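Enquirer: my questions concern the predicted model and sequence given below.
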Amino acid sequence: MSTPTVTAPASATAVTAEACTSAALAALSKLPQDAFVARLEGIFEHSPWVAERAWSAGPFTSIDALHAAMCLVVDTADPTEQLGLICAHPELAGKEAEAGTLTTASTGEQRGAGLDQCTKDELQRLRQLNKDYRARFGFPFVVAVKGLSRHQIMDRVEARLANDRDTEFRTCLAEIGKIARFRLDALLSPAA
């Protein structure tokens, strides 16, 4: 005779996950600034200044609050800093991916979108789109790839090539905000 498996109701699981997230945020909020920055190091690609400036907005009671504080830092940053943040992002399936020098987060995100499975023709198309985009706007194409296929990503690059530079600049910053939220959820939500 087998012993029945007892599972917690979904609502109990949600409460437990929420409690874990709250505890993680409470611990994060108590960290000194340098440790806080180190813990959130990969949330905004190669841009620790975002976490450094958001630290003073704590304590953070939700991922939403932390994300909003970090996005406010980006939104109110000097345009030169914003451009630096955009340029800190690697090209999709670009040189960094080929060389294996992407951050762990970027590697996982690109792999999740199937960019590591591009055929030779797809890779050639994507690299040409990256080149055309950079030539037109002066910065790399940035998109939150979670939930997108490599084909959808290439279609988005093509569509966004029709935009003006200011629109693309704002779109890249908005996409960076989405990427940051996905990364915060992965870092702080046990159910993510």
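Expert: Good, I have the coordinates.
Enquirer: in this structure, which helix is the longest?
Expert: Secondary structure assigned by DSSP state H gives helix 165-188 as the longest helix of the chain.
Enquirer: quick one: distance of that helix to the chain centre.
Expert: On the basis of CA atoms, centre = their mean, to the nearest Å, helix 165-188 sits 6 Å off its chain's mean C-alpha point.
Enquirer: for I153, give its distance to V145.
Expert: 6 Å (CB to CB, to the nearest Å). For glycine as for every other residue, the C-beta is placed from the backbone atoms N, C-alpha and C.
Enquirer: so between those two, which is more surrounded?
Expert: Legend: neighbour count by other CB atoms under 10 Å for I153 and V145, higher for V145 (24 against 21).
Enquirer: SS state for the more buried one?
Expert: Following DSSP: H, G, I helix; E, B strand; the rest coil, V145 is assigned to coil.
Enquirer: for it, give me its contacts.
Expert: 92, 109-110, 112-113, 115, 153 (CB atoms under 8 Å, 6 or more residues apart in numbering).
Enquirer: rewinding a little: identify the contacts common to I153 and V145.
Expert: Common contacts of I153 and V145, defined by CB under 8 Å, 6+ apart, comprise 92, 113, 115.
Enquirer: hang on, the earlier thing: ok, the contacts of V145 vs A57, which is closest?
Expert: E109 (26.1 Å; CB to CB).
Enquirer: what's the nearest residue to the closest one if we skip its chain neighbours?
Expert: V145 (5.2 Å; CB to CB, 6 or more residues apart in numbering).
Enquirer: can you give me the pLDDT of the closest residue to D75 other than its chain neighbours?
Expert: Closest residue to D75 apart from its sequence neighbours, by CB to CB, 6+ apart: L173 at 7.5 Å. As summarised for this prediction, L173 has a pLDDT of 98.
Enquirer: show me the contacts for L173.
Expert: Residues counted as contacts of L173 (CB under 8 Å, 6+ apart) are 74-75, 82, 85-86.
Enquirer: how about A57?
Expert: Counted by CB under 8 Å, 6+ apart, A57 has contacts 65, 69, 72.
Enquirer: distance-wise, check the last one relative to T104.
Expert: In this case it means L72. 26 Å.
Enquirer: now the first one
Expert: For A65, the distance to T104 equals 25 Å [CB to CB].
Enquirer: out of these two, which sits in the busier spot?
Expert: A65 (15 against 8).
Enquirer: name the SS class of A93, please.
Expert: coil.
Enquirer: ok, now which ones touch it?
Expert: 110, 115-116, 118, 123, 126-127, 130, 150 are the contacts of A93 under CB under 8 Å, 6+ apart.
Enquirer: again, only this time at 6 Å
Expert: Shown in contact with A93 (CB atoms under 6 Å, 6 or more residues apart in numbering): 115, 118, 126.
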